[in-house]
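Peer 1: I'd like to go over a predicted model; first the sequence, then the structure.
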Amino acid sequence: MMRRHSSNWIQGALIAAWIGSVGAVGEVIYDNTQTAYGTFYPSLNEFGDDVIFSDNRTLTITNFQLEYYAYYTPTNTDRTVQVRFYENDGQTVVGAAGGEGENYKGPGTRIYQSDPLRVFPGYNVITLPGLSVPVKKRFTYTVEFENFSGAYLDQAGLKIFDPAVIGVGFKDFWQLAPADPEDPESELVWGPYHFPEMNPPGSFGVRIGATPGTEPAVVKVQGNEGGAGRVITYQGPSMESGVLEYSDDGETWLPLQRVTFLGQPVVAVDEEEGPGNRRYRVRMLAETMMQVMPGRWLANGAHSFPLMGPPGKRFAVEASTDLQNWFPIHTNSLASLGFQFSDTQAKLFTERRFYRTRLMPDPDITVTTQPLANGDVMMTFKGPRGRMVVIESSTDMVQWTVVTRSTFTFSNGSLTYVDRQKSADGQTLYYRALLMP
């Protein structure tokens, strides 16, 4: 395994970061991790949000990632959080979004509850790979943070993002709180809440994977009303790229349209009449492609356009005035599927300016360490935003033990971990981080 960056020593323990790959998480069926607000919602109550998938089938949740922020000083008492899933078959609640009229059923039957999970300071992601929880088109996820006082320097909450790029989420969320706000001992009931100070209001940063995935297929071919050719509706798994191809003889296939799927069927127009036996098929690409989408000019003279590509991958934007000489003008990593880029220098060029984007090698994983008063060491890793990672420890750098599975945050690519294990006989503990695909 190739070493990717220098290591840091502290108190005799080598903190090293390595890049490898392990595991799979199923097709992404809901994703609200692209655009982060600069705030989070702390609460001592159980709270969460319901999400709606683009798919009407019953699916099995295989992966769940949810970003949080915690503010506290680490001690020997662990702060924890529990994640729960509910069907939306509870009491009808007046004023909640997403139902018929103004009414909607709240969380009811619990279908999943995690073990208590350790909460670390700063921005981190609750990561639950390897799940197997059947859900319908709509369900509610919740969290309950434990062992926090709720004081300013001792609280935790969920990071706020918006809008969702795959699936649908409403602008309010659920919270289990006393029915009478003046009586904390009154019955706990689910009620809808929202963020009135936010315009537009946001929701929580969550990514959900499930099986079975969407099979790549041509769904429908029909005539083009008012024009020549045919209209083709086709589909494929979310966050993956494919090519719609056509053939007139069943042997030679030509590309008609390249696309990255976003959980909804895609429509293409074949403007050629072609023979009546023209066939169409969807061929998936080995990797999600980078795309520069149509942009627009802003009032300040900048040219703004969205980019699409594989989540967690590093990319570069290059510009040219002659399509021959290209110059890098921006590098970043994709937390989700898309990224909005603005070229603030575009107004300075009298010629047309062209753009292209390309993938770059994974960035180095870096780590900083902080000794704690109780003798533990807090490690803060930095890596590609939204990428899942396995942290392992070893006393001999031969036999490795998994200590946690986590995700670099969608907002800034950080990850904090405090390992309470102590090596036997004072041996040095080594750590490494393995990126998942």
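Peer 2: Looks like it came in fine. Residues are numbered from 1 along each chain as shown.
Peer 1: Next, find the distance separating Lys220 from Pro237.
Peer 2: To Pro237, Lys220 is 19 Å away according to C-beta to C-beta, to the nearest Å. From N, CA and C alone the C-beta is placed, and that goes for glycine too.
Peer 1: Mind checking which of those two has more residues around it?
Peer 2: Pro237 (19 against 10; other C-beta atoms under 10 Å).
Peer 1: That one is in what secondary structure piece?
Peer 2: Per DSSP states H and E, Pro237 falls between elements, in no helix or strand.
Peer 1: Gly227 sits in which helix or strand?
Peer 2: In the assignment (DSSP H and E), Gly227 maps to no helix and no strand.
Peer 1: For burial, what's the neighbour tally of it?
Peer 2: Applying other C-beta under 10 Å, we find 10 residues neighbouring Gly227.
Peer 1: so it makes contact with Glu272?
Peer 2: No. Contact criterion C-beta atoms under 8 Å: Gly227 and Glu272 do not qualify, at 11.4 Å.
Peer 1: Give me the pLDDT for the closest residue in space to Thr331 that isn't next to it in sequence.
Peer 2: Nearest residue to Thr331, sequence neighbours excluded (C-beta to C-beta, 6 or more residues apart in numbering): Ala316, at 4.9 Å. Model confidence at Ala316, expressed as pLDDT, equals 89.
Peer 1: Who does Ala316 form a beta bridge with?
Peer 2: Ala316 forms beta bridges with Thr331, Arg358, as assigned by DSSP bridges.
Peer 1: what's near enough to touch it?
Peer 2: Counting by C-beta atoms under 8 Å, 6 or more residues apart in numbering, Ala316 makes contact with Pro328, His330, Thr331, Thr357, Arg358, Met360.
Peer 1: Recalculate using a threshold of 7 Å.
Peer 2: Pro328, Thr331, Thr357, Arg358, Met360 (C-beta atoms under 7 Å, 6 or more residues apart in numbering).
Peer 1: Could you measure from it over to Thr33?
Peer 2: Ala316 sits 22 Å away from Thr33, going by C-beta to C-beta.
Peer 1: Also Glu392?
Peer 2: If you measure Glu392 against Thr33 using C-beta to C-beta, the figure is 25 Å.
Peer 1: more crowded one of these two?
Peer 2: Taking other C-beta under 10 Å, Glu392 and Thr33 do not tie; Thr33 has more neighbours (30 against 17).
Peer 1: Give me the number of neighbouring residues for Pro184.
Peer 2: When counting by other C-beta under 10 Å, one arrives at 9 neighbours for Pro184.
Peer 1: Can you classify it by secondary structure?
Peer 2: State at Pro184, reduced to three classes by DSSP: H, G, I helix; E, B strand; the rest coil: coil.
Peer 1: separation between the nearest residue to it once chain neighbours are set aside and Tyr86?
Peer 2: Nearest-residue entry for Pro184: Pro178, 5.4 Å, with adjacent residues in sequence omitted and distances by C-beta to C-beta, 6+ apart. Using C-beta to C-beta, one gets 19 Å for the distance from Pro178 to Tyr86.
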